[in-house]
Each structure stands twice: as structure tokens, then as C-alpha cells.
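**Student:** fold the stuff below for me.
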Amino acid sequence: NVVDPAFPDPVPLEQITATNTSRHAGFSVEKAVDNGPAIDQDGVPIQYVDDYDFTASCIFLGQEVMPVGDRAFTLEDGEVVEFTGLPAGAECTVVETNTSGAAQTYTQVSVSGVPAQNEPDPTATFTLVADPPDSTDPQVALTVTNVYTAGSASITKAIAGPGGADWGGTDFTVGLRCTLAWGDPQLVFDDTVTLSRTDPTWNVANLARGAVCAVTETQNGGATSTTITPTTFTVTDAAQPTAVTVTNTFATGSLRVTKALSGLPAAALPPATQGSYTVSLACTRVVNGAPVAVAVPGGPTRTITGAGTATYTGLPTEATCAVTEVDQGFASSHTVSPASLTIGNGTTVTATVTNVFPNGSLTLTKVVSGPGAADAPTSFPAVVSCTWRGAPVTLPQAGQVTLRADAPVTLSGIPVDSVCRVVESDSGQDETIYTPATAVIGPSDQPTATIQTENVFLRASLRIAKNVDPNEGAVPSSFGMSAAKQSGSAMK
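**Tutor:** This next block holds a predicted model:
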């Protein structure tokens, strides 16, 4: 030892040299995309946005050795990036930070060409292996695969409401439009289909998972309203399709026809109040943009008695209807108000059909004729009677009139088509002639009905002979006498 050296003479020391050799290493990252089964409405496979973001970190001896500029990068499908000049043995982590909506991301690390297990994880961790001598080819290769999947939807037509059975047998046009934020382009499905009561379901397969879809109905088959549940949905890759129900509701309403009778006295007489009137209803409704005739439930015609009503039920809401009268009974004309109506939802609209019974006039004239006319009275009492469709018509003063020559008498307010006659009292005339015997009352725009009564007065001769019986005594030289007509007027 030094204090007491065993060897007083200097001892040559051995020298050990430790040489540390650092070898370079590197790794590569390859991007792969499995687009999956999703297709658009034409069967074209869906393409996705081809930009996928990554971060990378390598730690060696507690220090970050990944250059700052390489710590974040972006790859496209099929693209490979290499990182070299890193120290062998460094522990590296690569993370895909933007999977662009992929359903699953798999990472697989291969070392010296030997692949490891495919891991369902967007993060991969590995140790760098030194490059072979005289080579910079990375010995670690990372493949990151994004897998896209698809889902499906089932869109079903439902028909509801009190009018569904009668009016829901039409066609309906349903649309489906889907957009995908990471699709390229973003519109990944846009199509329409015709559904009906007999073909109510549209099954749509291979929709891009994650797409946001909206269901619409562009042709509602004439329905009162449409409800879509849900109106939008996000496509999933669940085993069961997303169920959507498109419900069309067909509401109904009623239409009442009210009969009104106008024009006294006929409107109050039995032929009018007990008569039958036939009305007809015609309706159209708009079905998918076009007017379509409505088959009126129970038939289009109804018969109304007098001032009664008729009701049509089960008519489609929003239909446009018009009432006509095909048999107006004994009326001369009729009006319908309003001319058209729109059927409500659970309500009753009313149309009024007014039958008009107009009046006319009867003129009575007097003619006095014959050789005895000069001795005829100046006025003649008479009674007028009229019937309308067999029903007696009440006339002013019970029809009693006084007739005078050259002084016509006109009676108004007599129903058109009434049959009238005149009966004159006995005023000493020898004959009464009625021309015509009866008159039919016409409307006011036609010549007034006229009955002429002609009284014929004749003259007669009276010869008076006087016989005197001389046996009866003295005979006067003259005799006086007077004579009178049977009616009591004095004779001259």
C-alpha cells in the first residue's frame, strides 16, 4: 500500500477504455383506409375526407428526441412518412388525433418486417431498433388503418284519421337526404321513393355511419297533415335499422244543404212546402298538386222535402265543393249560396238553396154587347178563383171584384202557373161569355194573363091586345097599364 508499499518501486497502471457507440434508428407511419360498404343512392361507394392528423413523440434517456417539426403531421390514404436519425432504443408514441369519423382505428407495428398484432387503438407505442449497417431504412413500421362502417334505415308509411280508409289510398313521395361532415362530398345520400298503402316501407341499406339524415315528404297524397317521427337521425352501425314513421292524417268534415222557399203565397202552399227537391254535390280535392274528383260518400244526390235539409258526411277536409239543384220542384228558379265551399276539419259548412216562386197578375176586362146594351147596368159583380198546382190561392177580398166596361181590373200577387177563372153574378144579361174560360198566370216578363167577360143584352117585343066584354056595362074609352122586367127595372 502507499503507506507501506509492498512494491517500493513504481508499478505501471493498466488503462481501460469504454467506448459508447450510438446507432441511428427510425420508423415509418403508413395510412390505410377501409371505406367499408357505404354507398350513395346510385350505388357509388362513399369517399371520405383524406386528411388524418397525427402526433409523434420519442423519449431517449428522459429527453424528447423527436424534432419539433416532426411532432405533428398529416397523412392521406396510402401515404407513408419516415422519420430517421433518431437514437436506437428510444421509446416512441404515435397517436392519430383526427380519425375523420372512422368507426374504428387499428394500429399495427412491424419490427424488421415481422408484424405484431393489429390493435384496435389509435395510439401505438414501440421501441426503436437500430438501423442495419450502411442503411437508413427504418426497422419499425407502423400502419394505421381507419375502418368505416355503414348502417340502415327503415321508413314506413302510416295512414290515420277518420278519412284514412276512404282517402288514404293514394301515392306518397318520401325523400331521404344524408350529409356526412367527413364525406367527400358531404352529401352522401339523396333520393326519393313512392310509398302507398299497399307498399308502405322503404328500406335503405349501406348508409354511411355518422351521416345526419333528414326525412321529408314532398307529395302527401292529399292528406290533411303529415307527421314524421323522427324527422332527423344519425346513422349508426347497429344491427337494427333506424326506424322512421311518416304518418299521414286524413281528416273529414260535413256539408249541409238547407232549403229555403221564397215567394208568397206559393211558398206557403202544400205543393211547395211538401214538394220534393233534388240537389247534387260535386267536390274536388288536391292530390299531389293536381285536382282530383271526390267520390261523394253515399252518392252525390239527396232529396229534400219542403224547407228541409240534407247533410253529406265524411267529405275530405280542404276539398272544394259546389251544390247544384237538379230538380227544383214547382219553383221557377233557384239560387245557391255560396257558390262553392271548402270542407273543414270536423266541422259542418252550409250551403243554402233558395227556390223562388214568383207571382204574376190577372187582368179582367168587361164588354157589354147586344141591342139591349144601352139599358144594361154600369157595374157587374164577379168572383175570381185561382188554384196553384191544385192548391187554392187566397186572393184579396176573397176574389170579389166589380167589373165595368172600359175599366180593366188587375189582380196581382198570384203565383205563376196558377189557373184562374171568373164567375159573374146575374145582372139581367141574356148571356155571359168568358174569353178564355180559364187563364194561366205567367211571369212578370210576359204579357199579363187576361180574362174578358162579355155580357150580352138582347131586346124583345111585347104586343098587348085589349078585349072588352060589352055585357059588362059601360066601356071606358082608354085603359092604362105598366110593365116591368123580371129583374125589377122599369120598362119604357
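
**Student:** using CSV, write out every CA atom in stretch 285-295.
**Tutor:** The C-alpha coordinates for stretch 285-295 follow below in CSV (Å, rounded to 0.1, in the frame of the first residue of the first chain):
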residue,chain,number,x,y,z
ARG,A,285,-109.5,17.8,-53.7
VAL,A,286,-105.9,18.4,-54.5
VAL,A,287,-103.8,15.2,-54.5
ASN,A,288,-100.1,15.7,-55.1
GLY,A,289,-100.6,19.0,-56.8
ALA,A,290,-103.4,18.0,-59.1
PRO,A,291,-107.2,18.4,-58.7
VAL,A,292,-109.0,15.0,-58.3
ALA,A,293,-112.7,14.4,-58.3
VAL,A,294,-114.1,13.2,-55.0
ALA,A,295,-116.4,10.2,-54.9
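
**Student:** any chance you could map the helices in the chain?
**Tutor:** Assigned by DSSP state H, the chain shows helices spanning 164-167, 270-273.

**Student:** redo those helices as a markdown table? Include mean pLDDT.
**Tutor:** Below are the helices of the chain laid out as a markdown table (pLDDT from 0 to 100):
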| stretch | mean pLDDT |
| --- | --- |
| helix 164-167 | 96 |
| helix 270-273 | 97 |
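
**Student:** could you list the low-confidence segments of the stretch 151-300 of the chain?
**Tutor:** Within the stretch 151-300 of the chain, no range satisfies pLDDT under 70.

**Student:** of the helices of the chain, give the one that comes closest to residue 113.
**Tutor:** Closest to residue 113 of the helices of the chain, according to CB to CB: helix 164-167, at 68.9 Å. C-beta: built from backbone N, CA, C; applies to glycine.

**Student:** tell me the gap between the closest one and the middle of its chain.
**Tutor:** 13 Å (CA atoms, centre = their mean, to the nearest Å).

**Student:** next, the buried residues of that helix.
**Tutor:** For helix 164-167, burial by neighbour count (16 or more other CB atoms under 10 Å) applies to 164, 167.

**Student:** which residues sit against it?
**Tutor:** 222, 248, 249, 250, 252, 285, 297, 314, 316 (CB atoms under 8 Å, 6 or more residues apart in numbering).

**Student:** can you report phi and psi for the closest residue to the second one other than its chain neighbours?
**Tutor:** Think residue 248. For residue 248, ignoring the flanking residues on the chain, the nearest one in space by CB to CB, 6 or more residues apart in numbering is residue 223 at 3.7 Å. Residue 223 adopts backbone torsions of phi -70, psi 160, taken as degrees, to the nearest 10.

**Student:** show me what counts as buried in stretch 98-107.
**Tutor:** So, applying 16+ other CB under 10 Å, buried residues of stretch 98-107: 99, 100, 101, 102, 103, 105, 106, 107.

**Student:** residue 123 versus the first one, what's the distance?
**Tutor:** Okay, so that is residue 99. 12 Å (CB to CB, to the nearest Å).

**Student:** same thing with the fifth one?
**Tutor:** Taken as CB to CB, the spacing of residue 103 relative to residue 123 amounts to 17 Å.

**Student:** break down the stretch 101-250 of the chain into its strands, ranges please.
**Tutor:** Along the stretch 101-250 of the chain, counting by DSSP state E, counting those that start in this stretch, strands occupy 104-111, 114-115, 123-127, 140-147, 150-160, 172-179, 187-195, 201-208, 212-219, 225-229, 232-234, 242-249.

**Student:** quick check: angle from the last one to strand 225-229?
**Tutor:** The one in question is strand 242-249. 170 degrees (axes from the mean of the first three to the mean of the last three CA atoms, to 10 degrees).
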